[in-house]
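**Student:** Quick one: sequence and predicted model below, then my questions.
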Amino acid sequence: MFINAAGYYIPPKRVPNDYFLTVNGLTDEWIFQRTGIKTRAWATEQETIDYMCIEAVKNALPQLPYSLIDVDLIVFASYSPADTVATTAHIVQREFGMNRAKAFFVSSACSSAMNAMEIIEMFFVGGKASKALLLSADRNTSYYNPQDPKVGHLWGDAAAAFFFSKARARTNEPQVTDIVTHGLGHVGKGKEGVYLEPRKEGIQMHNGKDVFIHGCSYIASCVQEITARNGYSVADLAYFISHQANMRIVNHVVNELGIPKEKSLCNISELGNTGSVSSMLILAQNYGRFRPGDLICISVFGGGYSAGACLIKFS
């Protein structure tokens, strides 16, 4: 399948590490050394997850080579939805008049967007759709507790929108050549590691070490798996995009795989951990820098519950 357009929305507000000194006692140095985060993007009350996704779609529209009415599938990928009945997929469908589209919501922790891409691919293969919109977003500040010294300082908010087609809509469009995903509910500590209960504690990570260890392992192994099965080596990658949970995880994976740091694209230092949108957000942010022949690998890990990777070839 092919990428026709990419857009994103990042709230302008930046919250520096110094904010947390009086909130939970953590210093700028302590946070940066352990996470690589200097600031994070926080949404205002008006910047709902629906609003961010609508703005991301607007950002992508100038690139789109066909009418929105031609879109026949909308998938919203997130672990922090505002509404599970009137989902963001349906709000965006109504906003832009995409009347022909099937629309639904999918969640698989921080691998949500990767699983959504795989679903879109299968809709294309099965002849159920030919043009799709992927909405990827998390509004972590809807569910976080800034006073929590374990994870309150991690979270950021953002959204991305990608339009895909089964057949190439233009001659120079990048192709998603392969996608792999894995369910990991049987691995690690499961709910003892990380979870989100909206009506109780919100988003919690009681065992960050467990998430860290498995994140390092699975992000790297997914890269090795998808490159090998497509006849590539890691050295063939023009750029690598990792899930932005923690800069120490990214550095560990890059070192293990032997990827030069200049090939590893990151945004966590400025935006914080934006959740399941983080890697797709980097792809959208850097969309204009990629050149014909560039092979991009995105690899993600979802809190101990899921993992996956995709290869994108620019033409």
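**Tutor:** Alright, I've got the coordinates. Numbers count the residues shown, from 1 in each chain.

**Student:** Per-residue confidence, the residue most central in space within the chain, what does it come out as?
**Tutor:** Geometric centre of the chain, nearest residue: Val277, 2.4 Å, by CA atoms, centre = their mean. Per-residue pLDDT puts Val277 at 98.

**Student:** which residues touch it?
**Tutor:** Contact partners of Val277, counting by CB atoms under 8 Å, 6 or more residues apart in numbering, are 78, 113, 136-138, 158-160. C-beta coordinates here come from the backbone N, C-alpha and C atoms, glycine included.

**Student:** now it, what's its secondary structure?
**Tutor:** helix (DSSP: H, G, I helix; E, B strand; the rest coil).

**Student:** What's the separation between it and Ala228?
**Tutor:** Going from Val277 to Ala228 by CB to CB, to the nearest Å gives 27 Å.

**Student:** Equivalent analysis for Ile312, please.
**Tutor:** 17 Å.

**Student:** of the two, who's got more company?
**Tutor:** Higher neighbour count among Ile312 and Ala228: Ile312, with 22 against 11, using other CB atoms under 10 Å.

**Student:** circling back to that earlier point, nearest to Phe32 among the contacts of Val277?
**Tutor:** Ala158 (20.1 Å; CB to CB).

**Student:** does the closest one count as helix, strand or coil?
**Tutor:** Of the three states, Ala158 takes strand under three-state DSSP.

**Student:** Tell me the confidence at it?
**Tutor:** Ala158 carries a pLDDT value of 98.

**Student:** List the residues that contact it.
**Tutor:** Ala158 touches 8-11, 41, 52, 137-138, 271, 274, 277-278, 281, counting by CB under 8 Å, 6+ apart.

**Student:** again, only using 6 Å
**Tutor:** 10, 41, 274, 277, 281 (CB atoms under 6 Å, 6 or more residues apart in numbering).

**Student:** How is the chain partitioned into domains?
**Tutor:** Following automatic domain parsing, the chain resolves into domains at 2-165, 175-313.

**Student:** quick check: longest helix of the chain.
**Tutor:** For the chain, the helix with the greatest residue count under DSSP state H is helix 208-229.
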